[in-house]
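Colleague: here are the coordinates; sequence isn't available:
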């Protein structure tokens, strides 16, 4: 007897949602006049972005978190030591 038994198991995953308010709060905490990051986007530009920016950014973060993927560009950092 060669019976194949298939059992379907489901794992409940709790989806995480990044809200536009969370993104907006994080952007408001950025310090103006500091060096831009890897993407060369200054804090001043982000702070003056339209509401659509916050919505699209929150959607992007939500997708990245729930799919467990981060763009490789986000993992790059250039650290330059500055002696006193």
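Modeller: Nice, I can see it. Quick caveat, the model's predicted, so the values are computed rather than measured.
Colleague: select the longest helix from the chain.
Modeller: In the chain, with assignment by DSSP state H, the single longest helix is helix 51-67.
Colleague: contact partners of that helix?
Modeller: Residues outside helix 51-67 that contact it (Cβ atoms under 8 Å, 6 or more residues apart in numbering): 13, 15-20, 22-24, 27, 46, 70-71. In short, each C-beta sits where N, CA and C put it, glycine included.
Colleague: by neighbours, which of those residues wins?
Modeller: The residue in those with the most neighbours, by other Cβ atoms under 10 Å, is residue 23 (21 neighbours).
Colleague: and residue 22, which of the three is it?
Modeller: Here residue 22 is recorded as helix under DSSP: H, G, I helix; E, B strand; the rest coil.
Colleague: now for the contacts of helix 51-67, which pair is the farthest apart?
Modeller: Using Cβ to Cβ, the two most remote members of the contacts of helix 51-67 are 13 and 46, lying 30.7 Å apart.
Colleague: helices along the chain, start to end?
Modeller: Counting by DSSP H, the chain has helices at residues 20-28, 43-47, 51-67.
Colleague: out of the ones you listed, which is closest to residue 83?
Modeller: Among those, helix 43-47 comes nearest to residue 83, with 25.5 Å by Cβ to Cβ.
Colleague: what distance separates the closest one from the centre of its chain?
Modeller: Offset of helix 43-47 from its chain centre (Cα atoms, centre = their mean, to the nearest Å): 17 Å.
Colleague: which strands or helices does that helix pack on?
Modeller: Other elements packing on helix 43-47 under the criterion 3 or more Cβ pairs under 8 Å, 6 or more residues apart in numbering; DSSP states H and E are helix 20-28.
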